[in-house]
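Participant: Just to be clear, the model below is a prediction. Sequence and coordinates:
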Amino acid sequence: MDRDNQKLKFDRHDLIVWIMAVTIVWYVFGFSLIGEILFSNSFTPFHGLMQKIHYMPDANRFAITMYLATLPAFIGAFLYTGIPKRNRFIFRTFLPSHPGNTAGILLLGLAVGFLMNFACILCALIHGDIKLFLNFGLSQIPFYLFALVCVFVQSSAEELWTRGFMYERINVRYPLWVAILVNGVFFGFLHIFNDGVGFLPILDICICGVSFSLAKWYTGSIWFPMGIHTAWNFTQNFLFGLPNSGLVSEASVFGMDAASATDSVVYNVAFGVEGAVPAVLADAVLGIACLVLAARKGRLGELTQKVGRPPDLPDPSELADGQSRWVYREDAEPEQTGREEIR
């Protein structure tokens with residue numbers, strides 16, 4: 001059968017415009033709006049529960065309203081990919097049973113995210129743009145553990161919709177590099193209404209989105225960028241007390257002397273390290289590193305490939321030992337086009 005003569009059946013669900021519209025409607029205005037209402041101070045039942053939290057109430061309120069409020073969007077990503085049959089191949093990439101989704105890769109992502117953000121903060125400290133002081137007590141540990149969970153929910157919700165749904169859905173009909181670029185830029189513009197936003201912050205977050213996509217592609221696991229994203233946000237907001245996309249936590253391990261902070265190419269007073277050059281470089285290095293490592297393994301050709309149709313993924317329990325990552329097969333028949341497991 002001549003593959004060149006085969007035409008994919010038209011499906012609006014595979015069009016970039018449709019995919020972006022779905023993401024905006026469900027993630028930005030749907031599930032996220034539910035979270036905004038449920039976790040806001042004006043929602044009486046939840047606000048009453050919040051009033052009963054006597055331990056660091058302001059800090060807990062910040063963690064809940066700014067981070068945990070994305071819980072409906074987090075759950076919504078599983079619902080929207082798990083219920084419609086056409087999206088179930090995406091749903092399976094979220095699960096622990098998916099090849100590559102391991103505790104080790106999640107921990108590696110957390111370590112990479114911490115090192116990336118800490119490097120940017122260190123640049124600002126050395127340059128003299130910020131001054132920090134220790135603001136920690138052992139009694140605060142439960143709060144920081146709770147805050148880490150909240151940040152994980154928020155960061156993962158963004159990853160599930162962009163590096164999960166958008167990335168995989170676009171790659172059905174378009175080459176992988178298109179999926180990486182589109183969802184990366186889309187991710188950047190999701191932050192366009194954040195406090196203190198400007199050209200450099202948006203540029204940085206767009207580069208960040210592309211690099212996170214490359215990280216997912218190289219590792220074959222969405223858990224890796226989920227870990228990076230979580231550690232990045234938690235490090236700057238709850239460890240060092242710096243703005244996270246314009247938001248400043250009510251409590252942090254280190255406090256920042258806000259009155260002495262100065263704007264420079266290394267630090268952005270309104271937006272934090274994400275609005276400065278070191279963050280742009282750190283995010284770019286992540287993406288370049290993934291490309292270099294992939295090139296050494298001869299995998300760059302995958303960036304020009306598309307799935308062709310949502311693949312029918314095998315049950316990981318039925319895979320032979322060593323079958324741990326997806327690759328594209330160009331020599332497959334149209335009925336088989338897609339990702340296949342290899343040893």
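Facilitator: Cool, got the structure.

Participant: how about the helices of the stretch 1-150 of the chain, start to end?
Facilitator: Ranges of helices within the stretch 1-150 of the chain are 16-23, 32-38, 44-51, 57-66, 71-82, 88-91, 103-127, 141-159, based on DSSP state H, counting those that start in this stretch.

Participant: out of those, which comes closest to residue 270?
Facilitator: Residue 270 lies closest, by CB to CB, to one member of the helices of the stretch 1-150 of the chain: helix 103-127, at 13.7 Å. All C-beta spots, glycine's among them, are computed from the backbone N, C-alpha and C.

Participant: just how off-centre is that closest one within its chain?
Facilitator: Remark: helix 103-127 is offset 15 Å from the chain centroid, using CA atoms, centre = their mean, to the nearest Å.

Participant: Same question for stretch 181-198.
Facilitator: 12 Å.

Participant: Stretch 232-250 too?
Facilitator: From the chain centre to the centre of stretch 232-250 is a distance of 16 Å (CA atoms, centre = their mean).

Participant: for the record, mean pLDDT for it?
Facilitator: Per-residue pLDDT values over stretch 232-250 give a mean of 91.

Participant: May I see the buried residues of it?
Facilitator: Of the residues in stretch 232-250, those buried by neighbour count under the rule 16 or more other CB atoms under 10 Å are 232-250.

Participant: Just the CA trace of it, in PDB.
Facilitator: Output for stretch 232-250, consisting of C-alpha atoms alone and laid out as PDB, is shown next (Å, rounded to 0.1, in the frame of the first residue of the first chain):
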ATOM      1  CA  TRP A 232      11.000  26.100  39.700                       C
ATOM      2  CA  ASN A 233       7.900  27.700  41.100                       C
ATOM      3  CA  PHE A 234       8.400  26.300  44.700                       C
ATOM      4  CA  THR A 235      12.000  27.400  44.800                       C
ATOM      5  CA  GLN A 236      11.500  31.000  43.900                       C
ATOM      6  CA  ASN A 237       8.200  31.500  45.700                       C
ATOM      7  CA  PHE A 238       8.300  29.500  48.900                       C
ATOM      8  CA  LEU A 239      12.100  28.900  49.400                       C
ATOM      9  CA  PHE A 240      13.400  32.300  48.500                       C
ATOM     10  CA  GLY A 241      10.300  34.500  48.700                       C
ATOM     11  CA  LEU A 242      10.700  36.000  45.200                       C
ATOM     12  CA  PRO A 243       7.900  36.800  42.800                       C
ATOM     13  CA  ASN A 244       6.600  33.800  40.800                       C
ATOM     14  CA  SER A 245       5.300  35.300  37.600                       C
ATOM     15  CA  GLY A 246       4.400  38.400  39.700                       C
ATOM     16  CA  LEU A 247       3.000  36.600  42.700                       C
ATOM     17  CA  VAL A 248       4.700  36.900  46.100                       C
ATOM     18  CA  SER A 249       4.200  34.300  48.800                       C
ATOM     19  CA  GLU A 250       3.000  35.200  52.300                       C
END
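
Participant: lowest confidence element among the helices and strands of the protein?
Facilitator: Taking mean pLDDT, DSSP states H and E as the measure, the helix or strand of the chain with the lowest value is strand 339-341, at a mean of 37.

Participant: Helix 141-159 and the strand or helix carrying residue 233, what's the angle between them?
Facilitator: Element membership for residue 233, per DSSP states H and E: helix 223-234. Between helix 223-234 and helix 141-159, the angle comes out at 130 degrees (axes from the mean of the first three to the mean of the last three CA atoms, to 10 degrees).

Participant: Contacts for helix 223-234 next, please.
Facilitator: Residues outside helix 223-234 that contact it (CB atoms under 8 Å, 6 or more residues apart in numbering) are 100-102, 105-114, 116-117, 147-148, 151-152, 154-156, 158-160, 163, 212-213, 215-216, 244, 286.

Participant: still on that earlier bit, please produce JSON lines containing the helices of the stretch 1-150 of the chain, extended by distance to residue 170.
Facilitator: JSON lines is the format used below for these (distance: least, CB to CB, whole Å):
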{"stretch": "helix 16-23", "distance to residue 170": "6"}
{"stretch": "helix 32-38", "distance to residue 170": "21"}
{"stretch": "helix 44-51", "distance to residue 170": "36"}
{"stretch": "helix 57-66", "distance to residue 170": "29"}
{"stretch": "helix 71-82", "distance to residue 170": "14"}
{"stretch": "helix 88-91", "distance to residue 170": "11"}
{"stretch": "helix 103-127", "distance to residue 170": "22"}
{"stretch": "helix 141-159", "distance to residue 170": "15"}
